[in-house]
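**Q** Sequence plus the predicted model coming up.
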Amino acid sequence: MLSKSYLLLFLLLLSQFVFAQRDEMILKKVNEVRQTGCKCGQLKMQATQALVWNDQLEYSALLHARDMKKYNFFGHHSKDGKDVGTRVEAIGYKWLVIGENLGEGQKTFEEVLQDWIKSPSHCEMLMNPKVTEMGVAKFDRFWVQHFGKPADSSQKVKRHVQRRQRN
């Protein structure tokens with residue numbers, strides 16, 4: 001019985017490590033684009049500040065991706081009509097700026113990132129200098145990327161410290 005407990009603990013720690021590595025890779029790739037600048041359609045976007053990972057935004061993104069799979073739809077509003085701002089508020093994220101990118105069918109983050117860069121509206125959201133945080137989730141064939149700037153910057157610092165401790 002004790003060995004099963006250790007095995008479960010090991011698997012839990014391993015999964016947290018794997019997810020943390022994935023999150024760091026995603027954040028690094030997004031920040032590479034943001035810090036280089038890019039062309040969004042005909043609009044040249046200047047380099048902008050790096051983002052930090054936010055677990056609440058990742059969680060809200062996961063919830064929306066799961067809903068799209070469960071209810072077989074693809075869109076920025078939930079089946080009950082809630083937009084991204086309403087959905088993130090429902091999990092306790094208080095925001096000044098909020099945004100969302102969606103993808104469907106891409107196998108890797110690199111693929112969905114390239115598709116977002118090719119789409120002017122998604123690219124502009126990716127490069128928005130007003131956002132400071134993000135989270136990304138994939139569920140089945142659905143990708144959701146949530147961006148935000150928190151209403152209370154002390155919350156951001158607290159979450160960022162908690163995030164670093166998880167790694």
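**A** Alright, I've got the coordinates.
**Q** rest of the way, CA atoms for contacts and neighbours
**A** Will do.
**Q** ok, now how distant is T132 from W53?
**A** According to CA to CA, to the nearest Å, T132 and W53 sit 9 Å apart.
**Q** Neighbour count: these two, which is higher?
**A** Set side by side, T132 and W53 show more neighbours around W53, with 23 against 20, by other CA atoms under 10 Å.
**Q** where does this structure have low pLDDT?
**A** 1-21, 153-167 (pLDDT under 70).
**Q** just the strands in it please.
**A** 38-40, 43-45, 52-53, 95-104, 133-139, 142-150 (DSSP state E).
**Q** Give the pairing partners of the second one; include direction for each.
**A** Yep, that's strand 43-45 we're talking about. Sheet partners assigned to strand 43-45 using DSSP bridges are listed as strand 38-40 (antiparallel).
**Q** what's next to the strand it pairs with, contact-wise?
**A** When contacts are defined by CA atoms under 8 Å, 6 or more residues apart in numbering, strand 38-40 is touched by residues K44, M45, Q46, A47, I117, K118, S119, P120, S121, C123, E124.
**Q** what's in contact with stretch 53-73?
**A** Under the criterion CA under 8 Å, 6+ apart, external residues in contact with stretch 53-73 comprise 23, 27, 74-75, 78-79, 87-88, 91, 93, 133-148, 156, 159-160, 163.
**Q** mind listing what's buried in that stretch?
**A** Of the residues in stretch 53-73, those scored as buried under the neighbour-count criterion (16 or more other CA atoms under 10 Å) are 53-68.
**Q** likewise stretch 118-126?
**A** Taking 16+ other CA under 10 Å as the neighbour-count basis, stretch 118-126 is seen to contain the buried residues P120, H122, C123, E124, M125, L126.
**Q** Check stretch 28-46 too.
**A** If you call a residue buried by 16+ other CA under 10 Å, then stretch 28-46 has these buried ones: K28, V30, N31, V33, R34, C38, C40, M45.
**Q** measure K130 to S60 for me?
**A** Using CA to CA, K130 is found at 19 Å from S60.
**Q** try I98
**A** Counting by CA to CA, the separation of I98 from S60 is 12 Å.
**Q** shared neighbours of those two, anything?
**A** Common neighbours of I98 and S60 (CA under 8 Å, 6+ apart) are H146.
**Q** So which of the contacts of strand 38-40 are in helices?
**A** Within the contacts of strand 38-40, membership in helices is found for I117, K118, P120, S121, C123, E124, as judged by DSSP state H.
**Q** what's the most distant pair in those?
**A** K118 and E124 (10.2 Å; CA to CA).
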